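> I would like the atomic coordinates for the input below:
(one chain, ligands or ions: 1)
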Amino acid sequence: MSEPAIAAVSTPNAPGGIGIIRISGENALEIAEKVFVPVRNEKISASKGYRAYFGSAFAEGKKADEAVCLVYRAPHSYTGEDVAEINCHGGLYITNSVLRAVIAAGARPAQPGEFTKRAFLNGKLDLAESESVMALIGASGRQAANAALNTLEGKLSGEIDACAHAVAGVCASLSAWVDYPDEDIEEISASEMEQVFSDTKAKLETIIGRYDSGRAFTEGVETVIAGRPNVGKSTVMNLLTGYDRSIVTDVAGTTRDAVEEKVIIGDIVLKIADTAGIRETDDKVENIGVEIAKKRLERAELVIAVFDSAEELTQEDREIIALCRDKKKIALLNKSDLSRKITPEEISPFFDRTVTISARTGEGREDFENALAEILHCADFDSEAANLTGERQRDCCVRAVGHLGEAIEALHAGVTLDAVNVCADCAVDALLELTGKKASAAVVDEVFSRFCVGK
Ligand code: GDP
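Numbers count the residues shown, from 1 in each chain. As a prediction, this is how the structure comes out:
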């Protein structure tokens, strides 16, 4: 099914080697033909598809650029519709002029994610696979990209469909049995039902667990670098980011704001706030920074607490230790290049890992990375397995697990079988919502609204 044509620039909104204007819809090729003229006298609208044409793109009656036009015929295209992609030089002025010409020729500007939404509506991708497209685009490292690609290729959907199918099979038997008690329908025993429910529940719990341990690779971990002034937090931050991000001085309190940065360590993504030194101060501006630091610390999942190992442990250090309670926490005994006044033994009881480091020389960085991977349980993540993409999918899984738990309880309690059926049915619905086979228009709209324009 083809809708009226939509168009957008599919390459980033920045100068680049190539800029692509994508047009998709029932009259996409006729529209492309009005803007793009091939050097040979070929008719784009008569193209069989899977062809590249060299020629010129025109805007406001004048040649705008030399270009290549790629043509795809429905249903063998990304969206499942006729698609033309005009590839011109990636200057913002050129791409925007050609886009305007395409719109003047009859296309409508595409909404965020509208190309992928059409692919979904045309059955090219399910909802989980569609979401993995954005995850693939946004992946910061190998593990995240690999997981997204596997989901795009249907690994997750295959497992979720199998789970839904198993539970739906029980529901079908239950319905038949409840609705036609007099018929000779093969009865499924309570223990068989329980087996299916608990096996499916265990599978889904594994998938949820994998998503949680993979968040360090995919979404990133909210992290705070905490420590009293001058222990070396900014220097640690600079060591991790690889360049001078914060002002590093010997004057206590020079880092006044929380500087936020996405830092990629191996494949792990840390969303780090290098906070102002946490300490009592009379300086108003610095005080604001201190408050921000405390708030960030409350929100953080991981705390990297920095100590100056060349100085005795102070009262302020002890307060920071107290603030790190209930978090995943690594202590960095910084300034290992100087003579040591704090021993790891003094600190380690309060932390998951304690690492000796010199932010100035980089010594100990590898130990820190290993500690990080351990504390975030990165080894539990398998990017080759079925992986969830994002909280929406996780929420569907969690709901399915909850309903399966209720179904098992209902079996144990010996309530009527239609009550068991209702719980199992809800579990199936949650799984069908995940893959989009039974998702409301509102859910679908919400998913695609998070996409970028042109995808
Ligand atoms: P912050 O206030 O905690 O952000 O601390 P800074 O990163 O600004 O560092 C304070 C001072 O300690 C600066 O003079 C740094 O150069 C110094 N410093 C930081 N890390 C090290 C280190 O590993 N060894 C030594 N010798 N000095 C360091």
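> Helices of the stretch 1-150 of the chain, residue ranges please.
28-35, 92-104, 114-121, 127-138, 142-152 (DSSP state H, counting those that start in this stretch).
> In terms of secondary structure, what does the longest one contact?
Spelled out, that is helix 92-104. Counting by 3 or more C-beta pairs under 8 Å, 6 or more residues apart in numbering; DSSP states H and E, the packing neighbours recorded for helix 92-104 are strand 6-9, strand 16-24, helix 28-35, strand 51-59, strand 62-72, strand 83-90. Glycine gets a C-beta too; all of them are placed from N, C-alpha and C.
> Save the ones you listed as CSV, and put in mean pLDDT, mean neighbour count and distance to E153 too.
CSV is the format used below for these (pLDDT from 0 to 100; neighbours: other C-beta atoms under 10 Å; distance: least, C-beta to C-beta, whole Å):
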stretch, mean pLDDT, mean neighbour count, distance to E153
strand 6-9, 97, 25, 25
strand 16-24, 96, 22, 22
helix 28-35, 97, 24, 26
strand 51-59, 97, 18, 26
strand 62-72, 97, 19, 20
strand 83-90, 97, 23, 21
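> picking up where we left off before, of all the helices of the stretch 1-150 of the chain, which one is nearest A176?
helix 127-138 (29.6 Å; C-beta to C-beta).
> Including distance to L204, could the helices and strands packed on helix 92-104 go into JSON lines?
Converted to JSON lines, these look like this (distance: least, C-beta to C-beta, whole Å):
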{"stretch": "strand 6-9", "distance to L204": "36"}
{"stretch": "strand 16-24", "distance to L204": "35"}
{"stretch": "helix 28-35", "distance to L204": "41"}
{"stretch": "strand 51-59", "distance to L204": "45"}
{"stretch": "strand 62-72", "distance to L204": "37"}
{"stretch": "strand 83-90", "distance to L204": "37"}
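> what about those, which gets the closest to the ligand?
strand 16-24 (36.4 Å; C-beta to the nearest ligand atom).
> looking at this, E374 is in a helix?
Yes: assessed with DSSP: H, G, I helix; E, B strand; the rest coil, E374 lies in a helix.
> Find the nearest non-adjacent residue to it, please.
Take E374 and drop its neighbours on the chain: the residue closest to it by C-beta to C-beta, 6 or more residues apart in numbering is R353, 6.8 Å away.
> List the beta-bridge partners for the one you found.
I330 (DSSP bridges).
> ok, back up a step: redo the helices of the stretch 1-150 of the chain as a markdown table? Include distance to the ligand.
As requested, the helices of the stretch 1-150 of the chain are exported to a markdown table (distance: least, C-beta to the nearest ligand atom, whole Å):
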| stretch | distance to the ligand |
| --- | --- |
| helix 28-35 | 55 |
| helix 92-104 | 39 |
| helix 114-121 | 43 |
| helix 127-138 | 30 |
| helix 142-152 | 30 |
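> Give me the residue ranges of the stretch 201-350 of the chain where confidence is low.
243-260, 274-293 (pLDDT under 70).
> for the ligand, what are the nearby residues on the stretch 351-455 of the chain?
Contacts of the stretch 351-455 of the chain with the ligand, taken as C-beta under 6 Å from any ligand atom, map to 358-360.
> redo that, cut-off 8 Å
357-361 (C-beta under 8 Å from any ligand atom).
> Now render the residues you listed as a markdown table, adding secondary structure and neighbour count.
Listed next are those as a markdown table, based on DSSP: H, G, I helix; E, B strand; the rest coil; neighbours: other C-beta atoms under 10 Å:
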| residue | secondary structure | neighbour count |
| --- | --- | --- |
| I357 | coil | 25 |
| S358 | coil | 20 |
| A359 | coil | 26 |
| R360 | coil | 17 |
| T361 | coil | 12 |
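> Let's see the pLDDT reported for whichever residue of the stretch 51-200 of the chain sits closest to the ligand.
Using C-beta to the nearest ligand atom, the closest approach of the stretch 51-200 of the chain to the ligand is made by S140 at 24.9 Å. pLDDT, S140: 83.
> same check, this time on R108
97.
> Could you list which residues are in contact with the residue nearest to it when sequence neighbours are not counted?
The shortest distance from R108 to any non-neighbouring residue, by C-beta to C-beta, 6+ apart, is to I6 (5.4 Å). I6 is in contact with 23-25, 107-111, 114-115, 118, counting by C-beta atoms under 8 Å, 6 or more residues apart in numbering.
> on that earlier part again, for the helices and strands packed on helix 92-104, which one sits closest to H377?
Judging these by C-beta to C-beta, what sits closest to H377 is strand 16-24, at 38.3 Å.
> what distance separates that closest one from the centre of its chain?
Relative to the centre of its chain, strand 16-24 is centred 25 Å away, using C-alpha atoms, centre = their mean, to the nearest Å.
> what does that strand rub up against?
Taking C-beta under 8 Å, 6+ apart as the rule, strand 16-24 contacts 5-11, 31-32, 77-79, 81-92, 94-95, 98-99, 102, 107, 110, 115, 118, 454.
> what's the residue of the stretch 51-200 of the chain closest to the ligand in contact with, if anything?
217, 220, 262, 264, 267, 269.
> And for Y211?
Y211 sits next to 387-388, 393-394, 397 when contact means C-beta under 8 Å, 6+ apart.
> So which of those residues are in helices?
393-394, 397 (DSSP state H).
> Outline the domain layout of the protein.
With domains defined by automatic domain parsing, the chain comprises 6-126, 140-214+386-436, 221-358.
> And the ones you listed: which comes nearest L376?
Across the domains of the chain, closest to L376 is domain 221-358 (C-beta to C-beta), at 6.4 Å.
> How far does that closest one stretch from one end to the other?
23 Å (C-alpha to C-alpha, to the nearest Å).
> how far does it sit from the chain's center?
27 Å.
> if I look at T389, how far off is I137?
12 Å (C-beta to C-beta, to the nearest Å).
> actually E222, not the one I typed
22 Å.
> what about those two, which has more around it?
E222 (16 against 12; other C-beta atoms under 10 Å).
> Sounds good, over and out.
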